[in-house]
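Student: pasting the sequence and the predicted coordinates here, then a few questions.
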Amino acid sequence: MPITPATATNRASNGNAEAILLELVDENGTTIGTAEKLTAHQAPGQLHRAFSVFLFDEQGRLLLQQRALGKYHSPGVWSNTCCGHPYPGEAPFAAAARRTYEELGVSPSLLAEAGTVRYNHPDPASGLVEQEFNHLFVGLVQSTVHPDPEEVAATAFVTPEELAERHAKDTFSAWFMTVLDAARPAVRELTGTSAGW
């Protein structure tokens, strides 16, 4: 991972991912402080900055990931291409590109902002809460993915119809439909209305 001022300052010295600092925000997305990752997700949750990435191939199919089984939060569920949290002081766009490469081993050939969405989603399985001000990004992937097995259990490219079938039978992250619905206008612009998104 490239070392930047944000990553150098906010890396956990003991390798404990839960000790990483997140950026707390108000309802307008203005930074108001920091909190450790696990603390920010404990009920009732603290509103913090996050990002969600939706990458598509040249056929207009969405790249999904199944979160690794070893994750402390929402393990084994399917979700969008990549999601995470910028370090304090790190631009959401930079964080989205960084984590996409770290998790999936690819750099998007195109990545564009797609708005923001605010949500509060409890995770019944873990008792943790996603209180997030989420920056959305859409883009294209034109190279083969090489997932990090500590982050990603599986990947799949899906059409809208295949996503509907998979969503009906598999478990998805609590936030998936919220972020997808918020990103749909940008997704349709990227893929073209004929793609069915």
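Tutor: Good, I have the coordinates.

Student: now the helix ranked longest in the chain: mean pLDDT?
Tutor: Of all segments of type helix in the chain, defined using DSSP state H, the longest is helix 176-191. Confidence over helix 176-191 (mean pLDDT, whole number) is 95.

Student: elements contacting it?
Tutor: Packing contacts for helix 176-191, counted by 3 or more Cβ pairs under 8 Å, 6 or more residues apart in numbering; DSSP states H and E, involve strand 48-56, strand 110-122, strand 129-140. In short, each C-beta sits where N, CA and C put it, glycine included.

Student: number of nearby residues for the closest residue to D170 other than its chain neighbours?
Tutor: Spatial nearest neighbour of D170, excluding adjacent residues (Cβ to Cβ, 6 or more residues apart in numbering): W78 at 5.4 Å. Neighbourhood size, W78 [other Cβ atoms under 10 Å]: 22.

Student: let me know whether W78 touches F172 as I believe.
Tutor: Yes: at 4.9 Å, W78 counts as touching F172 under the criterion of Cβ atoms under 8 Å.

Student: nearest the geometric middle of the chain, what residue?
Tutor: For the chain, the residue nearest the mean C-alpha position is C83 (1.0 Å; Cα atoms, centre = their mean).

Student: now it: closest residue in space that isn't a chain neighbour?
Tutor: Nearest to C83 is S52, by Cβ to Cβ, 6+ apart, at 4.5 Å.

Student: thank you kindly, that will do.
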